[in-house]
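1. Curious how this folds, go ahead:
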Amino acid sequence: MARKTAQISIRDVAEAAQVSVATVSNVVRSRKNVSDAVRARVNDAIRTLNYLPDRAAMQLREGRNRIIGVLVPSLDNPFFTAIIACLEECARKDGYDIIVASAGEEPVYGSSRLKALLSWRPAGMIILPNDDYFADASILDATSIPYVVLDRLPHSCMADTVAVENEQSAAEAAAYLASLGHRRILVVATTLSLANIRERCAGIIAFCAQAGLPVPQVLEVGHHAEEGPAALTEMLTGSNIPTAIIALTNSITLGALRCLYQSGCNVPDDVSLVGYDDYAWMRATQPPITAIRQPVEEMGVQSWSRLMHRIAGESAAPMQVRLPCTLAVRGSTAPPKTGKMS
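-> I've put the predicted structure just below:
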């Protein structure tokens, strides 16, 4: 019978690093009262010994949980996973762990995932809702757990919210295309049932109305459009194709690019393309994609900061944070061919 290996304890780590148990505890909790040299020595000992801290025991001793729950609509979307990566970095710096669940873009499934996260008794929650109604807010409001709503803002909310200036950023993209001479602009959206998508559409339409341009057509294609929505392909094979497309999410940007290539449309010679978000593949395409860049890292930092203030006891009225986007101009946009401006 194989002999059971003894579990490595915090005392073993302290002995190996030649520090006190309290110092090891401070390093594990990411407390700031440890010098860089000592912290490095302790972390080396932790890695060498494969020490696994007993988080549950630490939380019992401290009388509070160091877990933050994060609920996102999907793990397929790189925007959401980028947010999670940022929150993980914030959690590491502040001595927290995060637990992530995906609602799968389904409100009913989202409720069960939220309840599963709440069963961990987290110190706080960061929520990216599935829809504008955010019916699960009643579940959260019935608890004493503070939470922050990120990106997709509900109709009404009793918590802090963090989002971007959707209308302004989309209007700036439309203004840029107009400055190149584009008049037939097509807006491709996931669904107008989401407030952030409606805001982006509203910004584009408002700019065009103010500038005396034709009202852009808005095409809804759903959440999973990476393979190229058939409805968009049809619009690119007629005699009156748009001279420019604004894709309102990263998945639609990829789907629009696929449709353009499959339809034989050259970018930007035949159709200019403006995408949303900004990932490595958008800069690696030929031509690279002009993109409305969301401040993903700042969104994560701001939502984490607001949550930490609430966990610390801040009781002021809910705060709404709106962050600006930037337009990264690249090779996928150019003036329309002569004769295609009207």
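2. How about the secondary structure of the spatially closest residue to Leu186 that is not a sequence neighbour?
-> Closest residue in space to Leu186, ignoring its immediate chain neighbours: Pro242 at 3.8 Å, by C-beta to C-beta, 6 or more residues apart in numbering. C-betas here are computed from N, CA, C, even on glycine. Of the three states, Pro242 takes coil according to DSSP: H, G, I helix; E, B strand; the rest coil.
3. what residue ranges in the stretch 101-250 of the chain score low on pLDDT?
-> For the stretch 101-250 of the chain, applying pLDDT under 70 flags the ranges 107.
4. Please, which helix or strand holds Arg183?
-> Under the criterion of DSSP states H and E, Arg183 resides outside all helices and strands.
5. so how far is Leu273 from it?
-> From Arg183 across to Leu273, the span is 16 Å (C-beta to C-beta, to the nearest Å).
6. quick one, which of the two is more surrounded?
-> Neighbours were counted for Arg183 and for Leu273 using other C-beta atoms under 10 Å; Leu273 has more, 26 against 18.
7. Need phi/psi at that one.
-> Phi and psi for Leu273, reported as degrees, to the nearest 10, are phi -130, psi 130.
8. Which residue, other than its chain neighbours, is closest to it?
-> Closest residue in space to Leu273, ignoring its immediate chain neighbours: Ser332 at 4.5 Å, by C-beta to C-beta, 6+ apart.
9. May I have the secondary structure class of Thr161?
-> strand.
10. What count of nearby residues applies to the residue nearest to Leu273?
-> Ser332 has 25 neighbours, counted by other C-beta under 10 Å.
11. Show me which positions of the helix or strand where Ile99 lies end up buried.
-> According to DSSP H and E, Ile99 maps onto strand 97-102. Using 16 or more other C-beta atoms under 10 Å as the test for burial, strand 97-102 gives Ile98, Val100, Ala101, Ser102.
12. Tell me the one of the residues you listed nearest Trp281?
-> For these, the closest approach to Trp281 (C-beta to C-beta) belongs to Ser102, at 21.9 Å.
13. quick one: the closest one and Leu114 touch, right?
-> No - applying C-beta atoms under 8 Å, one finds Ser102 not in contact with Leu114, separated by 11.2 Å.
14. which residues do the two both contact?
-> Each of Leu71 lies in contact with both Ser102 and Leu114 under the rule C-beta atoms under 8 Å, 6 or more residues apart in numbering.
15. where exactly do the helices run in the stretch 51-200 of the chain?
-> Counting by DSSP state H, counting those that start in this stretch, the stretch 51-200 of the chain has helices at residues 55-62, 78-94, 107-118, 137-141, 166-180, 195-210.
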